[in-house]
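Engineer: Return atomic coordinates for the entry below.
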Amino acid sequence: MASIEVKVPDIGDFDEVSVIEVLVKPGDTVKPEQSLVTVESDKASMEIPSSSGGVVKEVRVKLGDKVKQGSVLVTLDSTQAGSSPPPEGEGKVGAPAAPAPTSQQAAPVPPPQPSPGGGGGNTNIEIRVPDIGDFKDVAVIELLVKTGDAVKVEQSLVTVESDKASMEIPSSAAGVVKELKVKLGDKLNVGDLIAVLESTSTSSPSGQTGTPPPQPSPATGEGSTRPTTAAERTLPTAALPPHEPSAPSGQLPHASPSVRKFARELGVPLDEVKGTGPKGRITVEDVQSFTRAVMKGESSTKAAAATGGGGAALGLLPWPKVDFAKFGPVERRDLSRIKKISGANLHRNWVMIPHVTNHDDADITDLEAFRLQLNKENEKAGIKVTMLAFLIKACVAALKKFPDFNSSLDGEQLVLKQYYNIAFAADTPNGLVVPVIKEADKKGILQISQEMSELAKKAREGKLAPADMSGGTFTISSLGGIGGRYFTPIINAPEVAILGVCRSQMEPVWDGKQFQPRLMLPMSLAWDHRVVDGASAARFNAYLGAILADFRRTML
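Structural biologist: The predicted structure follows:
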């Protein structure tokens with residue numbers, strides 16, 4: 001047998017996507033176009049299919065790996081049975097081989113019609129895809145029934161999904177499922193055969209159900225290769241009979257990719273979360289409710305329960321339960337959407353990153369005088385230069401001299417970025433957001449000031465797009481307009497450092513002969529100790545302070 005390396009094909013405008021699911025294992029037999037892994041970027045998730053058939057010899061990736069076009073996923077031993085694509089019309093629907101000759105075909109045909117079946121009084125009924133509007137090649141993402149199930153009219157049989165929506169296909173007749181003609185990942189169109197039902201007439205003996213023995217369940221690893229964004233998983237509102245999805249072992253939880261990603265960020269085991277959405281689908285609110293219950297000690301995960309429950313898994317006491325109302329009047333207020341999202345990310349970052357913070361002061365006396373002069377000269381142009389604009393430019397110079405601070409940790413590798421996108425924390429009525437100044441090294445102070453003003457306005461109005469807040473390599477959090485002295489900012493993962501600055505103030509500084517009044521800026525540099533050490537952080541702060549004291553150094 002020949003050995004074949006299956007690599008990541010051209011997946012569009014995605015680079016360094018993370019492997020979030022491995023759908024095959026050594027020894028599995030795969031067919032062409034069968035999904036091997038699921039990958040996810042910050043915008044979409046997609047499944048990578050096999051370009052060949054064969055037996056999996058070696059899986060070359062694991063959960064959490066970053067892959068891109070050309071990365072090797074698996075090594076296959078090719079076989080004659082799986083090395084060529086299925087004939088036209090068969091691979092599209094993927095109907096399993098029937099144990100006996102049958103007249104049903106997998107290709108689209110005219111509307112379903114009953115066909116005679118054995119067992120006197122029993123009739124085989126073909127259930128086909130009805131008119132589902134302007135959708136073609138929709139993928140089967142859920143099988144809601146199995147061979148031997150009794151179904152009613154309008155009961156959902158499968159869930160399909162296009163690049164715009166997901167929908168459930170109901171049965172047009174009642175009966176017992178004799179044969180399922182589709183499996184997960186198949187592409188369907190109007191008229192395609194979904195299932196064969198055996199309808200038993202009311203006059204037939206009750207014992208003659210003609211129910212065939214259960215068929216092997218379809219492989220759960222096969223699926224569509226189209227990207228699925230967080231906003232795409234929408235269900236039609238038509239009322240359908242409820243069902244209890246019984247997820248076989250190894251099948252994904254009943255949740256959208258965005259919900260699965262959110263659960264992973266919080267460390268929530270989705271298989272322990274009860275879904276309250278349509279047909280038991282797990283929602284973001286379900287994940288949040290589960291997390292709150294665990295934090296309050298009202299519930300526990302199976303892993304925590306095994307070690308005593310509550311916070312025992314981490315060696316912590318259970319979260320205290322307090323009835324605050326018995327001590328006085330209280331008011332309950334829901335967290336804003338921004339705080340819910342940022343809170344989860346900040347919690348993860350604080351727990352997972354070993355933070356260390358260096359505090360220092362920078363003399364900005366001359367720089368402040370230059371800033372005031374610059375604002376006076378540009379008063380008619382309507383451009384107001386803030387100290388933050390100078391800080392952004394100074395940080396770019398420091399990042400160029402100390403490139404480790406402009407990197408990200410990826411497993412046992414350090415990703416050193418050759419671009420300088422500086423994020424700045426912006427306070428809004430709904431919470432903290434972090435827009436990004438892209439390619440700050442190629443922009444002047446006036447351009448940075450104008451772009452910051454526009455981004456801050458969009459932030460206050462709640463109009464920031466995801467693109468406005470992505471791609472940052474280093475973050476500055478400024479409390480200069482409020483006050484304070486020093487603080488410990490939380491690193492914005494996957495960055496490795498963040499600079500916090502507070503309000504500058506005049507202080508007496510000894511110049512070797514006498515004390516001079518100088519405007520000093522408090523700086524707090526938090527850094528990831530897995531990447532940066534104390535000496536490098538001290539040098540970074542010293543160099544940054546020297547630049548702010550004499551901005552001409554940025555030209556060196």
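
Engineer: Please make it C-alpha for all contacts and neighbour counts, starting now.
Structural biologist: Noted.

Engineer: gap between stretch 391-401 and the chain center?
Structural biologist: 31 Å (C-alpha atoms, centre = their mean, to the nearest Å).

Engineer: wait, residue 485 sits on residue 502?
Structural biologist: Yes: counting by C-alpha atoms under 8 Å, residue 502 is a contact partner of residue 485 at 5.6 Å.

Engineer: How about residues contacting the helix or strand containing residue 350?
Structural biologist: Taking DSSP states H and E as the criterion, residue 350 maps to helix 337-352. Helix 337-352 is contacted by residues 265, 266, 430, 431, 432, 433, 490, 491, 492, 493 when judged by C-alpha atoms under 8 Å, 6 or more residues apart in numbering.

Engineer: residues touching the second one, list them.
Structural biologist: Yep, that's residue 266 we're talking about. 344, 348.

Engineer: can we see that at 10 Å?
Structural biologist: Residues in contact with residue 266 (C-alpha atoms under 10 Å, 6 or more residues apart in numbering) are 287, 288, 291, 344, 345, 347, 348.

Engineer: Now do the same for it: its pLDDT.
Structural biologist: The pLDDT attached to residue 266 in the predicted structure is 81.

Engineer: Next, it: phi, psi?
Structural biologist: phi -90, psi -10 (degrees, to the nearest 10).

Engineer: before we move on, back to that, per-residue confidence averaged over the helix or strand following the helix holding residue 350?
Structural biologist: Later in the chain than helix 337-352, the nearest helix or strand by DSSP H and E is strand 355-363. For strand 355-363, the mean pLDDT works out to 96.

Engineer: quick revisit: I'd like the average pLDDT over the helix holding residue 350.
Structural biologist: The model assigns helix 337-352 a mean pLDDT of 84.

Engineer: which stretches of the protein form helices?
Structural biologist: 257-266, 284-296, 302-305, 337-352, 365-377, 387-401, 445-460, 534-549 (DSSP state H).

Engineer: Check these for me: which has the lowest mean pLDDT.
Structural biologist: Looking at the helices of the chain, the bottom one is helix 302-305 with a mean of 58.

Engineer: Let's check: the centremost residue of the protein is which one?
Structural biologist: Geometric centre of the chain, nearest residue: residue 261, 4.0 Å, by C-alpha atoms, centre = their mean.

Engineer: So that one sits against residue 40, correct?
Structural biologist: Yes: the criterion here is C-alpha atoms under 10 Å, and residue 261 meets it with residue 40 at 8.9 Å.

Engineer: Check the contact lists of those two and give me the overlap.
Structural biologist: Both residue 261 and residue 40 are in contact with residue 20, where contact means C-alpha under 10 Å, 6+ apart.

Engineer: how near is residue 424 to residue 553?
Structural biologist: Look at residue 424 and residue 553: by C-alpha to C-alpha, to the nearest Å, they are 23 Å apart.

Engineer: neighbour count winner among those two?
Structural biologist: residue 424 (26 against 14; other C-alpha atoms under 10 Å).

Engineer: Do I have it right that that one meets residue 472?
Structural biologist: Yes: with contacts defined as C-alpha under 10 Å, residue 424 counts as touching residue 472 at a distance of 9.2 Å.

Engineer: for the protein, what helix or strand is lowest in average pLDDT?
Structural biologist: In the chain, no helix or strand scores lower on mean pLDDT, DSSP states H and E than strand 114-116, which sits at a mean of 51.

Engineer: In contact with residue 400, which residues?
Structural biologist: 406, 418, 419, 420, 441.

Engineer: Can you give me the neighbour number for the first one?
Structural biologist: Residues near residue 406, counting by other C-alpha under 10 Å, number 24.
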